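Trainee: Any chance you could fold what I've pasted below:
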Amino acid sequence: MRSSALLSLISLVPFVAAVPASETQLILEDITGYADLASSVFGSLAKGIEHAVHEAEKAIFKGEEEVERWLHNGREYIKQHDMTYELVTNPFFSEHQLRVTEPTLCDPSVQQYSGYLDITDGKHLFFWFFESRTSPETAPLVLWLNGGPGCSSTTGLLFELGPCRIADEGKNTTFNEYSWNTHANIIFLDQPVGVGYSYSSDGSTVNTSPVAGLDVYAFLELFLQRYPQYADAPFHLAAESYGGTYAPNIASIIYKKNKELALAPTAELIPINLASVVLANGLTDPYYQMASVPDYACDGPYPIYDDPEGPQCQALRSRVPTCQRLIKSCYEYNSRLTCVPAALYCWGQLFGPLQQTGLNLYDVRKTCDRQRDGPLCYKQMEWIETWMNDDANKKALGVNPSLDFESCNTEINQAFMMQGDGMHNSAALLPDLINDGVRLLVYAGNADAMCNYIGNERWFTALEHNFHEELVSAKSLPWVTSESGRVAGEVRSAGGGGFTAGNVTFVNVYEAGHMVPFDQDEAALDLITKWIMNIPLSLKFAA
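Mentor: Got it, this is the predicted structure:
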C-alpha cells in the first residue's frame, strides 16, 4: 500500500509548476506515512483494499438474470432474484429509474420504502425511507447522508439516528426512542456507487462530489413524483463528516435546478422545497479547518497533548502555513494537480501525528484498540455488517443476497482522496442559497478531532452572506434541551430576530464526538426537531 501511494503521488510531476520545489520535496518526504493514515481518516479504516467488493461481478440488473415485467393498476412491476419491485420512471430522467419495495424491518410501526436508483451507466444506489412517527402527512422531509467518503448511510441509520439501533453483536436491533423520524420523514441514501448496498454492474465509479450530486437530484425527483404526499413538505439535506463536502454540492444542484424549473415549468418535474442544509461534523472549508488542528489538539476542551507549547504542538503549528498554501493553490486552480498534494500533505502532516497517539480521533475522550473495538474504533460498525449481510434482511430490503455490505469502503475513500475532492472549498457554494432563504445549520461535537468544532465555527463565521455582519457580532448562547432541561451546548445564530432557529446557526455540542446522535441522542433529536420546526435553540428571549 505504501508503494502504491508513492506511485500515485509521483504521477503528479506536473504539479511542480504550481508549487515551489521545496514544498514538493516536503510532500514527497512526508507521503511515506500516507498509506497508514489513509487506513483511518474519514472511515477508510475498513478492512483493507484487498477486501474491496468487486461489484461488477455481482450485478443484478445488467443481464445476469432475465427480468420479468408487468403492469398492474397503472403501475409497472419487475421481478428478479425472487424479489418484486415497483418500477418508477420519468421521461425527463431517461437514464434513471427507481426500484421500490416495502420492508417492515427496524420499526414495523411506520411506512417504509427501500430499493435502488438504477442509472444507465451501471450505477445502482440503495435507499431506505421511514415515515415520521408523528403526523407523517405534514412532517418535513430529511435526506441523511454519511460521509467517509465511502461510508454507508445505513451506518448512520443503525448506529446514530434511525428508528432502530444495532444490538447483540449484530443479531438484533433495538427501538430508538430518539430517532430523527420522531418528527420527520427521513431517507437514508447510500452514495456514491460502491458504498454499502450500492453497487456498479459494469465497473462504473464516482470519485468527485459534483458528479455524485446529479444522481441524488434525479433520485429525489423520481421519489417525490412517486410519493407526492411528501413533495410539498420542507426538505432538509443533512450530511455528516465528508457529507460536509457532499451536501453543499448536492444543495447547489437542487437550487440551480429549481431556478431553471421556475423559468420553464413543466408538469413532469417537481420543484424540491429546499428549506435547509445541515452539516454535521463536516469537512467543508479545509483552509480554515486544517489550520485549526493544532489549536484543537493543544488548546481544545480535550487536549491531545499536555503541553500547548511543547514540541508536538510546535511541530503541528509549523506545518499549517505550508498546508494552507497548498489548499489556497487548490482553491485557485481547482485542479487535481494542486488539490491532491494539498490533501496528502495536510492529512499526513497534521493528522499523521495524532493517529500515532492511540486515541479515537472521532472521540478523543477514548482510546482506540482495534483488536477490541474493530477497525473503525466502534465495534458496532462490525455488528452492522453482520446484520446487513443476513440474507433474510437483504431480501426484505430488496437487495440481491449475493451482494456484500461493508460499513466503509477503503477503495472509494482513496479514489476521492486521489482526486483531491475533499480539498475544494464546498462552503463557497452556500452563500447564494443562504441569500435566497435556504437556511444553514452547522453543528459539531466538541470531542471530535477529525472535523473539530473550532475549525467548523471559523469557516462558518468567515463565510460572506447577507447575515454575515449580524453573525460576527452575535454571542454564543446556551442551548437547553426541552426534555431534560440541561445545557447541551452553545448556539450562535443570525437571522430570524431570535424568534426562529435562525437563517445561519452554529452549534457546539458538549460531550459528543464525531457521531453526535450516538453520543448525545436526546440532545441531537432536540436539535434537529427545533431546527426543522424553526424554533429557537437558545433561551435568549426567555426572560
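Trainee: Please save the CA atoms from the helix or strand harbouring Y296 in PDB.
Mentor: When elements are assigned from DSSP states H and E, Y296 belongs to helix 293-299. As requested, the backbone C-alpha atoms of helix 293-299 are provided in PDB (Å, rounded to 0.1, in the frame of the first residue of the first chain):
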ATOM      1  CA  VAL A 293      -6.000  21.100  14.100                       C
ATOM      2  CA  PRO A 294      -3.100  22.300  16.300                       C
ATOM      3  CA  ASP A 295      -5.500  24.600  18.200                       C
ATOM      4  CA  TYR A 296      -7.800  21.800  18.900                       C
ATOM      5  CA  ALA A 297      -5.100  19.200  19.700                       C
ATOM      6  CA  CYS A 298      -3.200  21.600  22.000                       C
ATOM      7  CA  ASP A 299      -5.800  24.000  23.400                       C
END
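Trainee: Can you name the next helix or strand after it?
Mentor: helix 311-333.
Trainee: by contact count, what packs against that next one?
Mentor: Helices and strands touching helix 311-333, by 3 or more Cβ pairs under 8 Å, 6 or more residues apart in numbering; DSSP states H and E, are helix 21-30, helix 286-291, helix 293-299, helix 336-346, helix 352-355. C-beta: built from backbone N, CA, C; applies to glycine.
Trainee: Tell me how many other residues crowd the closest residue to V211 other than its chain neighbours.
Mentor: The spatially closest residue to V211, leaving aside those adjacent along the chain, is P192, at 7.8 Å (Cβ to Cβ, 6 or more residues apart in numbering). When counting by other Cβ atoms under 10 Å, one arrives at 28 neighbours for P192.
Trainee: do the same with K171
Mentor: By other Cβ under 10 Å, the residues close to K171 number 11.
Trainee: Likewise for Q229?
Mentor: Residues near Q229, counting by other Cβ under 10 Å: 12.
Trainee: Likewise for A291?
Mentor: So A291, with other Cβ under 10 Å, has 22 neighbours.
Trainee: pretty sure it is touching R319, no?
Mentor: No. A291 is beyond contact range of R319, at 9.9 Å (criterion: Cβ atoms under 8 Å).
Trainee: And T84, how far from G243?
Mentor: Note on T84: its distance to G243, by Cβ to Cβ, to the nearest Å, is 32 Å.
Trainee: for stretch 408-419, the distance to its chain's centre please.
Mentor: Stretch 408-419 sits 14 Å away from the centroid of its parent chain (Cα atoms, centre = their mean, to the nearest Å).
Trainee: Report the buried residues of that stretch.
Mentor: C408, N409, T410, E411, I412, N413, Q414, A415, F416, M417, M418, Q419 (16 or more other Cβ atoms under 10 Å).
Trainee: and the fourth one, what element?
Mentor: Spelled out, it's E411. Element membership for E411, per DSSP H and E: helix 410-417.
Trainee: Compute the inter-axis angle for that helix and helix 336-346.
Mentor: Counting by axes from the mean of the first three to the mean of the last three Cα atoms, to 10 degrees, helix 410-417 lies at 120 degrees to helix 336-346.
Trainee: which is the next helix or strand following helix 410-417?
Mentor: Next along from helix 410-417, by DSSP H and E: helix 431-435.
Trainee: which helices and strands sit right next to that following helix?
Mentor: Helices and strands touching helix 431-435, by 3+ Cβ pairs under 8 Å, 6+ apart, are helix 243-263.
Trainee: now the helix it packs on: mean pLDDT?
Mentor: Average pLDDT, helix 243-263: 95.
Trainee: got it, and stretch 397-404?
Mentor: On average, stretch 397-404 scores 93.
Trainee: Using CSV, write out every CA atom in stretch 485-503.
Mentor: Extracted in CSV, the C-alpha atoms of stretch 485-503 (Å, rounded to 0.1, in the frame of the first residue of the first chain):
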residue,chain,number,x,y,z
GLY,A,485,-33.7,20.9,30.6
ARG,A,486,-30.0,20.5,30.6
VAL,A,487,-27.4,22.7,28.8
ALA,A,488,-26.3,20.6,25.8
GLY,A,489,-24.1,23.1,24.1
GLU,A,490,-23.7,26.6,22.7
VAL,A,491,-25.6,28.1,19.8
ARG,A,492,-24.6,31.1,17.7
SER,A,493,-27.2,32.4,15.2
ALA,A,494,-28.2,35.1,12.9
GLY,A,495,-31.5,35.8,11.1
GLY,A,496,-35.0,35.4,12.5
GLY,A,497,-34.7,38.1,15.2
GLY,A,498,-34.3,35.4,17.9
PHE,A,499,-37.8,34.1,17.3
THR,A,500,-36.7,31.3,15.0
ALA,A,501,-33.9,28.8,14.8
GLY,A,502,-32.0,31.3,12.6
ASN,A,503,-31.0,31.5,9.0
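Trainee: Mind listing what's buried along it?
Mentor: Neighbour-count burial for stretch 485-503 [16+ other Cβ under 10 Å]: 488-496, 500-503.
Trainee: Under the pLDDT cut-off, which ranges of this structure? List them.
Mentor: Scanning the chain for pLDDT under 70 picks out 1-66, 204, 207, 540-543.
Trainee: Tell me how it divides into domains.
Mentor: 1-38+309-356, 58-285+425-532 (automatic domain parsing).
Trainee: quick one, which of those domains is packed in tightest?
Mentor: With neighbours defined as mean count of other Cβ atoms under 10 Å, the domains of the chain peak in mean count at domain 58-285+425-532, which reaches a mean of 20.
Trainee: from the chain's centre, how far out does it sit?
Mentor: With Cα atoms, centre = their mean, you get 8 Å for domain 58-285+425-532.
Trainee: what about the strands in the stretch 351-500 of the chain?
Mentor: In the stretch 351-500 of the chain, the strands defined using DSSP state E, counting those that start in this stretch lie at 439-445, 477-480, 487-494.
Trainee: Tell me the helices and strands packed up against the second one.
Mentor: Think strand 477-480. strand 487-494.
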